[in-house]
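Student: Model the structure of this input:
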Amino acid sequence: MKKGIALLFSLSVLLSACGGNGNQNEAASPPKEETTPHPRLEQIQSEPGQSKIQEVDPSETKHGKTKIETIGFLEPIDANQAVEEVKKVGKHLTYVAFFSYRVKEDGSLHPIKDEAALEQTRKSGATPMMVLTNFTEGNFSADIAHKIFTDKAASKNLIQSVLDTMKSKGYEALNIDFEHIRAEDRDLYNGFLETILPTVREAGYTVSTALAPKTSDEQSGPWHGAHDYKRHGELADFVVLMTYEWGWSGGPPRAVSPIPQVRAVLDYAKSVIPAEKIVMGAPLYGYDWTLPYKKGGEFAKRLSPQAAADLATKEKVDVKFDNKSQAPHFKYTDDKGKKHEVWFENEQSMQAKFNLAKEYKLRGIAYWVLGEEFPANWTLLDDQFEIK
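Tutor: Numbers count the residues shown, from 1 in each chain. A predicted model of the protein is given here:
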């Protein structure tokens, strides 16, 4: 995800849930080393023949209810908004994952204002999950990660900080989402996980990690290189695959989470991790690109699935459905005469992802990020699955 971090965040509405061209590459081809901004950063908000789409009618679907776990990533930047979001969708979730407790070099943590949303999470019947990141000053920090991995005092302090926070706040699960780690620090990262995950689990908590979308162990670069799928699968209770951001705000218009690419990641993941430990990421957002797209030009605007559908209605344009990527899209011309292209999610694209979860017998689905309006998703989710 260097256009200036300030620009990235000013043009991004929210977060998303865990390089450069990152997912822009076809999943079958490992990407080159990334030199442009990391698309995942677009998802993280710093503090303050035109055929109509085929509608999916849940009453007409033929299926048995599959048991799964669901995770909704939440940024409690605004306490009141966070509470309202949990009120709306908490009943559909196994976990509400609070993004994020940011690690300092000495192993202490940047606190977040999560008390009110934590209380609402418990009222909703969901399990609160603490998310630990190496995010600082608008970026994932390879330096902080390296410091934690190599400084025994800092690592020990971090583990104690995590345990103290989980106990005092009432968290019941931990997700470690360290990104942009140096590829050469892969073994160091594994070593850190070999220490912290068993310790936290022994204290009675569920432990998981977030993994960049890879299609082979050889896939390297600052987003992928240090993420060892097999070892994470051995150490964690489950892993969350960040299967989104092939289409991202700094790249060309395309589906955010195209099914062929997601499938390729799942194929690799399942070859080294038991399916019952795999949670597939799903985006609750889309992008609106101003055309013509130019590399290094204007970044796409983030928008919710509901906002995208409303925009198509307002502009009186037909929504098309790309059968290859299994994603809806449309074009329109704004009031200033500028052309736009929008890719987003709807019931049909989510149905395709639900089908993957069933086909691969996955543990569940993780949504990046709560706060994006997509009511049809939750209706379809309840119709398709029994949420643990």
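
Student: Quick check: the closest residue to T94 other than its chain neighbours vs E75, distance?
Tutor: Closest residue in space to T94, ignoring its immediate chain neighbours: E69 at 4.1 Å, by Cβ to Cβ, 6 or more residues apart in numbering. C-beta: built from backbone N, CA, C; applies to glycine. Distance, E69 to E75, by Cβ to Cβ, to the nearest Å: 21 Å.

Student: okay, those two: which has more neighbours?
Tutor: The residue with more neighbours, out of E69 and E75, is E75; 27 against 19, by other Cβ atoms under 10 Å.

Student: so how far is E341 from the more buried one?
Tutor: For E75, the distance to E341 - Cβ to Cβ - is 27 Å.

Student: again, but for K320
Tutor: Applying Cβ to Cβ to K320 and E341 gives a distance of 11 Å.

Student: Identify the contacts common to these two.
Tutor: Residues within reach of K320 and of E341 at once, by Cβ atoms under 8 Å, 6 or more residues apart in numbering, are H329, F330.

Student: Report the buried residues of the strand or helix carrying E85.
Tutor: In the assignment (DSSP states H and E), E85 maps to helix 79-89. For helix 79-89, burial by neighbour count (16 or more other Cβ atoms under 10 Å) applies to A82, V83, E85, V86, V89.

Student: Tell me the helices and strands packed up against it.
Tutor: strand 66-74, helix 115-124 (3 or more Cβ pairs under 8 Å, 6 or more residues apart in numbering; DSSP states H and E).

Student: Please name the residues that touch the closest residue to K167 other than its chain neighbours.
Tutor: Spatial nearest neighbour of K167, excluding adjacent residues (Cβ to Cβ, 6+ apart): A203 at 8.0 Å. Going by Cβ under 8 Å, 6+ apart, A203 touches L163, M166, K167.

Student: Those in helices, which ones?
Tutor: L163, M166, K167 (DSSP state H).

Student: I'd like the residues you listed written out as TSV, with distance to R363 added.
Tutor: Shown next, in TSV, are the ones in helices among the contacts of A203 (distance: Cβ to Cβ, whole Å):
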residue	distance to R363
L163	25
M166	21
K167	26
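
Student: Can you tell me which of the contacts of A203 is closest to Q351?
Tutor: M166 (35.9 Å; Cβ to Cβ).

Student: Contacts only, for the closest one.
Tutor: M130, E172, L174, V200, A203, Y205.

Student: May I ask which two of the residues you listed are separated the most?
Tutor: Greatest spatial distance among these (Cβ to Cβ): M130 and A203, at 12.3 Å.

Student: In helices only, show me the contacts of M166.
Tutor: Per DSSP H, the contacts of M166 map to helices at V200.

Student: and the gap between the residue nearest to K167 and V162?
Tutor: 9 Å.

Student: And the strands in the stretch 1-150 of the chain?
Tutor: 66-74, 95-103, 109-110, 127-133, 135-136, 139-140 (DSSP state E, counting those that start in this stretch).

Student: Flag every buried residue along the first one.
Tutor: Neighbour-count burial for strand 66-74, counted by 16+ other Cβ under 10 Å, picks out I68, E69, T70, I71, G72, F73, L74.

Student: any idea which of the residues you listed is closest to G247?
Tutor: Among the buried residues of strand 66-74, F73 lies closest to G247 (Cβ to Cβ), at 18.8 Å.

Student: I'd say that closest one and I365 touch.
Tutor: No - applying Cβ atoms under 8 Å, one finds F73 not in contact with I365, separated by 11.7 Å.

Student: Redo the buried residues of strand 66-74 as a markdown table? Include distance to I278 and pLDDT.
Tutor: As requested, those are exported to a markdown table (distance: Cβ to Cβ, whole Å; pLDDT from 0 to 100):
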| residue | distance to I278 | pLDDT |
| --- | --- | --- |
| I68 | 11 | 98 |
| E69 | 11 | 98 |
| T70 | 14 | 98 |
| I71 | 12 | 99 |
| G72 | 18 | 98 |
| F73 | 17 | 98 |
| L74 | 22 | 98 |
